[in-house]
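[1] The sequence and its predicted three-dimensional model are supplied below.
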Amino acid sequence: MSYRKKVDAQYAHIVSLRIGLGLMAVVCLALAYGWWSAPRELTVHVPPDLRSGSTRKWWDIPPESVYAFGLYIFQQMNRWPTDGETDYQDNIYRLDAYLTSSCKTYLQKDFELRRNAGELRKRERGVYEIPGRGVDDQQEQHIIQKSINDWTVNLDITADEHYGGERVKRALARYPLRIIRSDVDPEKNPFGLQWDCYDGNPQRIEVSTDDVAESGGRR
């Protein structure tokens, strides 16, 4: 009788071990699936000034990053090194991943209107930030956060146009850019942001002509 009890006890122990191994296998499969389905890359926005510590939620985009994105895309779109009739169109296609569909349509119409009016042929163009009117100086005026996915970036810009080596136009204006969160294609757009064109009409501004001339001469 004692021998039979030992056999039953060993059999019960073997069954419990098998159950335990089965549960461990299920847990390992679940962990493997979680590891496999986890994102391989995670974009974390860090403020450009790292002299002081910063603690942020991973999904939070600092205003400085939004401003830098807006300025970068705007400058790239308005950079016509040789001929605005070809450079402007090329920029629209080249920056496609950084533009919303509605903004791309707007820019395409703007290109066609300017081309038909003769404002692009053989024109060279460049834009740059007006000294002393950047985000470091007046952040509350230049970045307006409307939600966690929507910002207005006010760029104070000087736009210079040249024709045949001579400057034919200089405009100083504030451009209200609308920037939205759009992390849909990290491969083509690592910023996770898109330019949704303008949040209002550009407004002419007045600044010291000496400051503008000095900055323009350095570029």
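    Everything's here; your move.
[2] buried residues in the helix ranked longest in the chain?
    Determined from DSSP state H, the single longest helix within the chain is helix 2-37. For helix 2-37, the neighbour count (16 or more other CB atoms under 10 Å) marks no residue as buried. In short, each C-beta sits where N, CA and C put it, glycine included.
[3] State the next helix or strand along the chain beyond it.
    On the C-terminal side of helix 2-37, the nearest following helix or strand under DSSP states H and E is helix 63-77.
[4] could you dump the following helix or strand past that following helix to PDB, C-alpha only?
    Downstream of helix 63-77, the first helix or strand assigned by DSSP H and E is helix 84-94. The C-alpha coordinates for helix 84-94 follow below in PDB (Å, rounded to 0.1, in the frame of the first residue of the first chain):
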ATOM      1  CA  GLY A  84      12.400  79.700 -59.500                       C
ATOM      2  CA  GLU A  85      10.400  78.200 -62.400                       C
ATOM      3  CA  THR A  86      12.100  74.800 -61.800                       C
ATOM      4  CA  ASP A  87      13.400  75.100 -58.200                       C
ATOM      5  CA  TYR A  88      10.000  75.900 -56.700                       C
ATOM      6  CA  GLN A  89       8.400  72.900 -58.400                       C
ATOM      7  CA  ASP A  90      11.200  70.600 -57.500                       C
ATOM      8  CA  ASN A  91      11.000  71.700 -53.800                       C
ATOM      9  CA  ILE A  92       7.300  70.800 -53.700                       C
ATOM     10  CA  TYR A  93       8.100  67.200 -54.800                       C
ATOM     11  CA  ARG A  94      11.200  66.900 -52.800                       C
END
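[5] Good, we can wrap up now.
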